[in-house]
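Colleague: My questions are about this predicted structure, shown below with the sequence.
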Number of protein chains: 2
Amino acid sequence: MASADQEKSEHAGIDGARARVRMKVPSVAERVAEELRYQLAEGFLVPGAKLTEATIAEDLGVSRNTVREAFAELAGERLLLRQPNKGVFVATLEAGDIHDVYTVRRAIEVSSIRAGGSPDRIAAVRAAVEEGKRAAEANDNEGLGSANQHFHGAIVALAESNRLNTIMAQILAEMRLYFHKATMNAHFYSDWLKENEQICSALEAGELERAGDLLLAYLNRSEQQQSAIHGE
Amino acid sequence: MASADQEKSEHAGIDGARARVRMKVPSVAERVAEELRYQLAEGFLVPGAKLTEATIAEDLGVSRNTVREAFAELAGERLLLRQPNKGVFVATLEAGDIHDVYTVRRAIEVSSIRAGGSPDRIAAVRAAVEEGKRAAEANDNEGLGSANQHFHGAIVALAESNRLNTIMAQILAEMRLYFHKATMNAHFYSDWLKENEQICSALEAGELERAGDLLLAYLNRSEQQQSAIHGE
DNA sequence: TTTCGCTGGATTGTTCAACGATCCAGCGAT
DNA sequence: ATCGCTGGATCGTTGAACAATCCAGCGAAA
């Protein structure tokens, strides 16, 4: 997933530059999973929809067993729900799930920002803020959404933890699925543009406590908004 | 996994008591995964060991494809590592992994305890503390270990978040694998018995900030100890 | 009419056998 | 000692098969 598994080039000695690139040839199952992830994020597959093994297998021109593996992976990421002997379905938002998701985000995002981060990582946060501004100017609604995700991803990346990064990546994938573009209008993006700016500034100034408080407040408000939209 | 999916009996009305029990018949793949998880936790399978599909399949009397599914699941939990075309191996501790694991624990455990919890959940924390005391009296080294895991699991459970619970369960499974009994002598358990007591008391007294600080200090020290043991 | 029970069709869960692709150890030639 | 080849083992993927399970529809009974 967001695996930063890049083989570090390890300062090859004078005795020769051995190639360190690992040609990435994702397995077929992996590519199927990737394709499904894409379709989920893009809203092609809506929550609750049933995915039939044979159909997907034929559509993508792969074996049913391969599809099965991809399903298993996505089910592990909570994007699909497996109901034994009935089939797999696109995950749906159950009661309490919104609070649950935001509980995780509060835990890892606030914790990450409170610990600060290297200048590079902070610069990445700043970059996400600017990306948002540009998207706003261009009236690019789509771009606004991904800029915001980049922003929060960059905050978690401050902690330099692979595990936290993948957890956050999964949470963001869930949110893309549940809170799809349809539910996100421009009005929604009104507040947090300047809010992200504030958080980022506080971070750059080393005011970590304040940055954490601002972020926490944002997450709480965001949860409220989402809860209000999705059936109370 | 740690899915608390129990169908809540929902206060069946007078019109009849419809059965709400969902007979759990885990699929074969699930049972294979469970068996492997057990062997990993028990130290039967040591880090770095290679797991050959055909061998496992024959040993457990299932098909190779089924083993494959189980492997995929465990790889998703970071207990196994899949190397394309080479095989799957029991995960090994890479440089930085210890810090990584503890970064996650700091994020979710401290966040959970700082938010407090219902009396029931707090009682569960207390129960884990007492469980540890009893194990200490009985000189039950094994019991001490699981009591500690129950303690930290109960802390995360304060947040009432399914997602946090499963994340924590996975982290604990990783720790069982890496920091196996062999590396845990009685000397190791010396400190935290009274420390858990303190944390729990602070929690019960509603001194959440202090409880969080104590927990954070413990985690930092624990990370240091583990780092010292496992090659610097 | 409503309920019950059955049956047929569709889909899943699992197994098996096969084949190409890839890796690895060994061995011989340079 | 290095290089290159080769054979065997294992993985990745496929396709087909069959039992188990679920679901909708339909007819029989209350």
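Modeller: Ah, there it is.
Colleague: Contact partners for A:Arg176?
Modeller: Shown in contact with A:Arg176 (CB atoms under 8 Å, 6 or more residues apart in numbering or on different chains): A:Leu40, A:Ala41, A:Gln149. From N, CA and C alone the C-beta is placed, and that goes for glycine too.
Colleague: Find the residue closest to the residue minimising distance to the centre of chain A in space, skipping its chain neighbours.
Modeller: Most central residue of chain A, judged by C-alpha distance to the mean C-alpha position with CA atoms, centre = their mean, is A:Leu172 at 2.8 Å. Counting by CB to CB, 6 or more residues apart in numbering or on different chains, A:Leu172 lies nearest to A:Gln149, which is 5.2 Å off, once chain neighbours are set aside.
Colleague: On the pLDDT front, check the nearest residue to A:Gly76 once chain neighbours are set aside for me.
Modeller: Of all residues beyond its chain neighbours, the one nearest A:Gly76 is B:Gly76 (4.1 Å), with distances taken as CB to CB, 6+ apart. Listed pLDDT for B:Gly76 reads 94.
Colleague: Just give me the neighbour total for B:Gly76.
Modeller: Neighbour count for B:Gly76, taken as other CB atoms under 10 Å in any protein chain shown: 18.
Colleague: Thought A:Glu30 was touching A:Tyr62, still the case?
Modeller: Careful, residue A:62 is Val and not Tyr. No. A:Val62 lies out of contact with A:Glu30 (CB atoms under 8 Å); the separation is 11.4 Å.
Colleague: So whichever helix in chain A runs longest, near chain B or not?
Modeller: With secondary structure taken from DSSP state H, chain A has its longest helix at helix A:208-229. No. Judged by CB under 8 Å from any CB of the partner chain, helix A:208-229 and chain B are separated, with a smallest distance of 10.2 Å.
Colleague: Just the CA atoms of that helix, as PDB, please.
Modeller: Below are the C-alpha coordinates for helix A:208-229, written out as PDB (Å, rounded to 0.1, in the frame of the first residue of the first chain):
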ATOM      1  CA  LEU A 208       2.700  22.100  18.500                       C
ATOM      2  CA  GLU A 209       0.200  22.300  21.300                       C
ATOM      3  CA  ARG A 210      -1.800  24.900  19.500                       C
ATOM      4  CA  ALA A 211      -1.500  23.100  16.200                       C
ATOM      5  CA  GLY A 212      -2.900  20.000  17.900                       C
ATOM      6  CA  ASP A 213      -5.800  21.800  19.400                       C
ATOM      7  CA  LEU A 214      -6.700  23.400  16.100                       C
ATOM      8  CA  LEU A 215      -6.600  20.100  14.400                       C
ATOM      9  CA  LEU A 216      -8.600  18.400  17.100                       C
ATOM     10  CA  ALA A 217     -11.300  21.100  16.900                       C
ATOM     11  CA  TYR A 218     -11.400  20.700  13.100                       C
ATOM     12  CA  LEU A 219     -11.900  16.900  13.400                       C
ATOM     13  CA  ASN A 220     -14.600  17.300  16.000                       C
ATOM     14  CA  ARG A 221     -16.500  19.800  13.800                       C
ATOM     15  CA  SER A 222     -16.000  17.700  10.700                       C
ATOM     16  CA  GLU A 223     -17.400  14.700  12.500                       C
ATOM     17  CA  GLN A 224     -20.500  16.700  13.500                       C
ATOM     18  CA  GLN A 225     -21.000  17.800   9.900                       C
ATOM     19  CA  GLN A 226     -20.700  14.300   8.500                       C
ATOM     20  CA  SER A 227     -23.000  12.900  11.200                       C
ATOM     21  CA  ALA A 228     -25.600  15.600  10.400                       C
ATOM     22  CA  ILE A 229     -25.500  14.700   6.700                       C
END
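Colleague: Any buried residues in that helix, and which?
Modeller: Neighbour counts using 16 or more other CB atoms under 10 Å in any protein chain shown place A:Leu208, A:Ala211, A:Gly212, A:Asp213, A:Leu214, A:Leu215, A:Leu216, A:Tyr218, A:Leu219, A:Ser222, A:Glu223, A:Gln226 of helix A:208-229 among the buried residues.
Colleague: what about the fourth one, distance to A:Val125?
Modeller: Going back to what we said before, that points to A:Asp213. 16 Å (CB to CB, to the nearest Å).
Colleague: Equivalent analysis for the last one, please.
Modeller: When CB to CB is applied, the distance between A:Gln226 and A:Val125 equals 23 Å.
Colleague: now for the helix or strand hosting the residue nearest to A:Leu172, which elements pack on it?
Modeller: Using DSSP states H and E, A:Gln149 sits in helix A:141-157. Contacts defined by 3 or more CB pairs under 8 Å, 6 or more residues apart in numbering or on different chains; DSSP states H and E place helix A:141-157 against helix A:111-114, helix A:119-137, helix A:162-178, helix A:186-189, helix A:192-204.
Colleague: So the first one, near chain B or not?
Modeller: The one in question is helix A:111-114. Yes. For helix A:111-114, a contact with chain B is found by CB under 8 Å from any CB, at A:Ser111, A:Ser112.
Colleague: Other residues contacting that helix?
Modeller: Counting by CB under 8 Å, 6+ apart, A:155-159, A:164, A:199, A:203, A:208-209, A:211-212, A:215, B:106-108, B:110-111 sit against helix A:111-114.
Colleague: Going by neighbour count, which of the residues you listed are buried?
Modeller: Of the contacts of helix A:111-114, these count as buried by 16+ other CB under 10 Å: A:155-159, A:164, A:199, A:203, A:208, A:211-212, A:215, B:106-108, B:110-111.
Colleague: how about low-confidence regions in chain A?
Modeller: A:1-24, A:181-190, A:232 (pLDDT under 70).
Colleague: per-domain residue ranges of it.
Modeller: A:28-90, A:97-229 (automatic domain parsing).
Colleague: Any idea which of the ones you listed gets closest to B:Phe71?
Modeller: Of all the domains of chain A, domain A:28-90 sits nearest to B:Phe71, with 9.5 Å by CB to CB.
Colleague: got the end-to-end distance for that closest one?
Modeller: From its first residue to its last, domain A:28-90 covers 21 Å (CA to CA, to the nearest Å).
Colleague: Any part of it near DNA strand D?
Modeller: Yes. Contact of domain A:28-90 with DNA strand D (CB under 7 Å from any atom of the strand) involves A:Val28, A:Ala29, A:Gly61, A:Val62, A:Ser63, A:Arg64, A:Asn65, A:Thr66, A:Glu69, A:Pro84, A:Asn85, A:Lys86.
Colleague: what residues does chain A put near DNA strand C?
Modeller: A:25, A:50-54, A:64-65, A:68, A:82, A:84-88.
Colleague: Which one of those residues sits in the busiest neighbourhood?
Modeller: A:Val88 (22 neighbours).
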